[in-house]
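Colleague: sequence-free structure coming up:
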């Protein structure tokens, strides 16, 4: 029997959201279901702003960055009356299932709807931050790393040419996934991320020491430190100034910012988005609800919605160790 | 106690081989071991052509494609006297451990050395083909997919502009990993790979039918088929000609070829290469031998060398299903 | 007074065609003119298949490869009755001016229409081949070079790793623009293009000699030759086989093919396309006809249509000399 | 007769500097001259830190970003005694000609040396800023535009997804070349550069008006403004805050920074660098001195050193007009 699936993209946009929409629409078509997209995240539910997807809408979007459904923050949705309005819209449109592609805030919203609405609810992890439990990778994460890496590689050219110190701030909200991965991949001399340090200010002395040790080594010309956003009080500009004053060598700050969100998704994210979009529709078909779909150890799984944002996701412990080991080599080098 | 580790890169080059060399040299340094690189694959062992790696050799190579150690096929090594000479070189250089970064042919070679030489032997999966058991991904595979994808995206522009059929041949030797992944990621209308078809010639009629069905659909303008190399008798040029004759619409063949091997590795491969390089040295430290290091379900593991090339590695079954499902949608569409 | 401008994209697609369409529509809007796009090149005129462009059609296409107007070869148009039908369509749609974005074949078509139709006709050079007189660069040419270069850089990685010889065929129809530029930019050891050789077969001995000389030089590991398409009898595959037999070292052929056509245009082409699109509308406004717009020495100019395809465009003579000089250095090196 | 050519790269690094070094070394080799590179810009002359280039040094650097000769600011060189020391080094090393690749500050330094040293002096325009008279393009400029464009395209994805306003600061010191080109190429809704505005503060009202007009238009979702660095008092962060307060819509600032300097040069810069490097050596051969080599209207020319930095280089007037025209269309659109 044909049913009606609603879908929104919510929160910060992530490369691969469009590939995921495409997979949802194509797979729903296979089951003869209708897909209605609501625009601008939860605002679309409040304002009943929608589009009924046909296959031609999604035929050429697998490689497109951003989201054709638009996204937005929605403060009204956080109020009781906002939530009621959203639910009314779902009911008025005779929706059987609401699929939300987004990060932790978006899935919290979906969980709230689940508590007051009878339809099925399915989340899909779409965020560059990779900070949702229930999936080894979130859609957009691998692309964000490669985008950050592309910029860090370019900065390395100038750092090498000038034998300079660069501090590069990458995204990642409250988790160090992007910082750790892009630091290791770029061969950065140091990485600072929430999981790696307890008190930033206590770290300053050790940072200075590390920079100075490494620069004393013959043939070591440039120094790149990758830092997660929101980590250092005052930000990377402040840290650069502090280091410049303490070390006496000019440190340049660089904030990668929103370029990490956009761009065509890499193959990894297109494939993950396609699999999770298809799997979400299959889960709907099997009657699942209040879950997020994900991929763990290359298997498709579902996780209770509340667990995805309440359980802290861990960094790859071996990668943390390797980064630390490479970092420690400088001490070995120093010992004459 | 300081020991001597030999390392070679062998077989087709793969992006990330240099990142792996870097991790081996840095990690060995942490244990105060010496790393000697032999050049041109197994030829370096036969000709005793070597370089003792210092840290400065590997400081700026994490992002460099190809292999600074060079690679080559080595027919002499496949003879008994060639094998003896290689072993003599290892003994003469007082090597404690031989690490080989390469594909299945390279690991077969390492297994042969293991049978006649006392030192430890450790393989690292470095091939774009991803056809080694014992690791979910081989070093270079993700980069090769993204490189193929980049080209297919470009061809899609022309295919769309001309509403044309393109047949694109990708690498992958006897396995469909690259073909399947790049087909799904590019939204290709069809994918042919060894695991997907039994007898190519029996498939022809079904291919023609599929192309014709899809092109009849309103709004469907271009058609891209991704084909694994060595699959079609006569190659993609022959298939294009056959299809052109049978369908009456011009089909263009395109062989991506060696561009899939080169280029800076993507973050995924740099990180995998760094982890496996470090892990190989740690395995040496722990006395392991006749194994390949790998990563399965995000954990570092070792697998018996002979198993890596004797056990057939399976494609992701869900990805095969998704590709098939998306492919089948055309039939749904056709039924009015 | 508001007038009606028809526009088609014709011949091989070129990156920047969409950027040019955008500039035409926006500039026409400034003069309150209407722009009607006919689809599939001259077929659109024959079949009266059209779209009236609004600003929203072109708002997000500046970076899109291919052409949203589609392109195609059109054999019917080359017949007298086809030409008549096309002109009838222009008259029936009350078109005041026909703008054609394309290469030499497309502009020949426009010239034919000019001879039998009263409206104004303006050509815009849109082809990756750069073989039209009347503009220093054609739209798409710089992007094609960078695309070819990107692939050659990747092949260089493998060529270096294996110390191998690669023969790379690039597009360019009957002119050596892409071959010369991509050869110099990639540091290719040799370039063969129509303007550089008289009789390919006479060249063989000199090619063999050059390859052998260069490979004898210590430290010279790889050898890349860039060849224009249609140059060597039997193509690059045949040349590779011949060289392999004569030199005794394996030569690998590589045909870049259609990947050179697609992709997002580089800044240079987007800017050129924007300027020429705007200038074409301004030329219409000033009453010009039977001309192609172009840019020579950074100035916007118009050239008589027939001159653009009848006068042979010359390669940059200094670039030819530099390529030859770098090529000759090997002889200097050889003399001990 | 064999002579000795000194070369330095100075000031901000620019993609293509290595390609230029390669051409200098290869061409000098053709004339049997020796090339000595001094490191870290003018510091190398003061500290006599040098390298004698062989062909193998430059064989694989045509695609490498940054500069293998390193660069640096050099305050000591600006003192009389610093200048004396530099000249002493040139004399002690029996240098016949000093070639400097750099921007206006670097060429000013070369002019100073010219006044007190007998050898020949030749400048090569190497800066991403394109603000030197005497050459239509400087080495690195086209790459910087494409790098900025790549980032702006990515930011556009998020801007579109969120229908947001982004203010993007690009490099360019005191000239608007990068800002104008990257704004037009990205289809930015507005561009602010030194040549476009007289008093930034007077512009604020007009900016606000423009943003508001454009956002009122149906279907206009995102708004990107490209701003040259050092233009707005307080920088782009300050402007974003001011606009956010005045318009009531969140404006996001983004500073592209040093990523614009690095990366592999695009074909245009590799070719320009190769031609100017070769031409500089030929000019030396012909006895020219106190000049900068450049390319104007596709011809190689020399310009008196002092003129290159004293004469203000003009933006492309037609591009300024086109940018202004596209900007003005909004007014047309507003009139119902």
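Modeller: Perfect, I can see it now. Note that the coordinates shown come from a computational prediction; the quantities given were computed from them, not determined experimentally.

Colleague: distance-wise, check the most centrally placed residue in chain A relative to residue A:70.
Modeller: Centrality entry for chain A: nearest residue to the mean C-alpha point is residue A:128, 1.7 Å, by Cα atoms, centre = their mean. Distance of residue A:128 to residue A:70, computed by Cβ to Cβ, to the nearest Å: 17 Å. No exception for glycine: its C-beta is placed from N, CA and C like everyone else's.

Colleague: helices of chain A, residue ranges please.
Modeller: In chain order, chain A shows helices spanning A:17-30, A:42-47, A:55-58, A:80-92, A:104-116, A:141-162, A:177-186, A:200-216, A:235-247, A:267-285, A:305-310, A:317-334, with DSSP state H as the criterion.

Colleague: rewinding a little: show me the contacts for the residue nearest to the centre of chain A.
Modeller: A:12, A:14, A:15, A:138, A:140, A:141, A:143, A:144, A:171, A:178, A:260, A:261 (Cβ atoms under 8 Å, 6 or more residues apart in numbering or on different chains).

Colleague: now the third one. Its backbone dihedrals?
Modeller: Dihedral angles of residue A:15 (phi, psi; degrees, to the nearest 10) stand at phi -60, psi 130.

Colleague: and it, what's its pLDDT?
Modeller: On the pLDDT scale, residue A:15 is placed at 97.

Colleague: verify the stated contact: it with residue A:140.
Modeller: Yes: counting by Cβ atoms under 8 Å, residue A:15 touches residue A:140, with 4.9 Å between them.

Colleague: overlap in contacts, the two.
Modeller: The contact sets of residue A:15 and residue A:140 overlap at A:128, A:261, A:265, A:269 (Cβ under 8 Å, 6+ apart).

Colleague: what sits closest to residue A:100 if chain neighbours are left out?
Modeller: residue A:110 (4.5 Å; Cβ to Cβ, 6 or more residues apart in numbering or on different chains).

Colleague: ugh, typo on my part, it should be residue A:83
Modeller: Computed as Cβ to Cβ, 6+ apart, the closest residue to residue A:83 that is not its neighbour in sequence is residue A:112, at 6.0 Å.

Colleague: for residue A:50, give me its contacts.
Modeller: For residue A:50, counting by Cβ under 8 Å, 6+ apart, the contacting residues are A:6, A:36, A:37, A:38, A:39, A:44, A:93.

Colleague: give me the buried subset of those residues.
Modeller: A:6, A:36, A:37, A:38, A:39, A:44 (16 or more other Cβ atoms under 10 Å in any protein chain shown).

Colleague: tell me the two of these that are most distant?
Modeller: Largest separation among the buried ones among the contacts of residue A:50 by Cβ to Cβ: A:6 and A:39, giving 11.4 Å.

Colleague: for stretch A:257-273, how far is the first residue from the last?
Modeller: Between the opening and closing residues of stretch A:257-273 there is a gap of 23 Å (Cα to Cα, to the nearest Å).

Colleague: what residues does the stretch 151-300 of chain A put near chain D?
Modeller: Within reach of chain D by Cβ under 8 Å from any Cβ of the partner chain, the stretch 151-300 of chain A has these residues: A:151, A:153-158, A:160-163, A:166, A:221, A:252, A:254-263.

Colleague: give me every residue in the stretch 151-300 of chain A lying close to chain B.
Modeller: Looking at chain B, the residues of the stretch 151-300 of chain A close enough under Cβ under 8 Å from any Cβ are A:153, A:156, A:160, A:181-182, A:184-187, A:219-220, A:264, A:266-268, A:270-271, A:274-275, A:278-279, A:297-300.

Colleague: which of these are buried?
Modeller: Among these, those classed as buried by neighbour count (16+ other Cβ under 10 Å) are A:153, A:156, A:160, A:181-182, A:184-187, A:220, A:264, A:266-268, A:270-271, A:274-275, A:278-279, A:300.

Colleague: pLDDT weak spots in the stretch 101-250 of chain A?
Modeller: Regions of the stretch 101-250 of chain A meeting the criterion pLDDT under 70 cover residues A:199-202, A:217-220.

Colleague: closest one of the contacts of residue A:128 to chain D?
Modeller: residue A:261 (4.6 Å; Cβ to the nearest Cβ).

Colleague: the closest residue to the closest one other than its chain neighbours - how many residues pack around it?
Modeller: Spatial nearest neighbour of residue A:261, chain neighbours left out: residue D:158 (4.6 Å); criterion: Cβ to Cβ, 6+ apart. The local packing count at residue D:158 equals 27, with neighbours defined by other Cβ atoms under 10 Å in any protein chain shown.

Colleague: quickly note the distance from residue D:158 to residue D:260.
Modeller: Residue D:158 sits at a distance of 19 Å from residue D:260 (criterion: Cβ to Cβ).

Colleague: for residue A:230, same thing?
Modeller: As judged by Cβ to Cβ, residue A:230 and residue D:260 stand 25 Å apart.

Colleague: who has more neighbours, these two?
Modeller: Neighbours were counted for residue A:230 and for residue D:260 using other Cβ under 10 Å; residue D:260 has more, 28 against 13.

Colleague: with adjacent residues omitted, what lies nearest to residue A:22?
Modeller: Take residue A:22 and drop its neighbours on the chain: the residue closest to it by Cβ to Cβ, 6+ apart is residue A:58, 4.0 Å away.

Colleague: wait, what's in contact with the closest residue to chain C within chain A?
Modeller: The minimum distance from chain A to chain C, using Cβ to the nearest Cβ, falls at residue A:264 (9.1 Å). Residue A:264 makes contact with A:15, A:63, A:64, A:65, A:143, B:153, according to Cβ under 8 Å, 6+ apart.

Colleague: number of nearby residues for the nearest residue to residue A:127 once chain neighbours are set aside?
Modeller: In this structure, residue A:127 finds its nearest non-sequential neighbour in residue A:103, 3.4 Å apart by Cβ to Cβ, 6+ apart. Around residue A:103 there are 26 other residues, counting by other Cβ under 10 Å.

Colleague: residues contacting residue A:103?
Modeller: A:10, A:11, A:12, A:14, A:125, A:126, A:127, A:129, A:131, A:132, A:138.

Colleague: sounds good, over and out.
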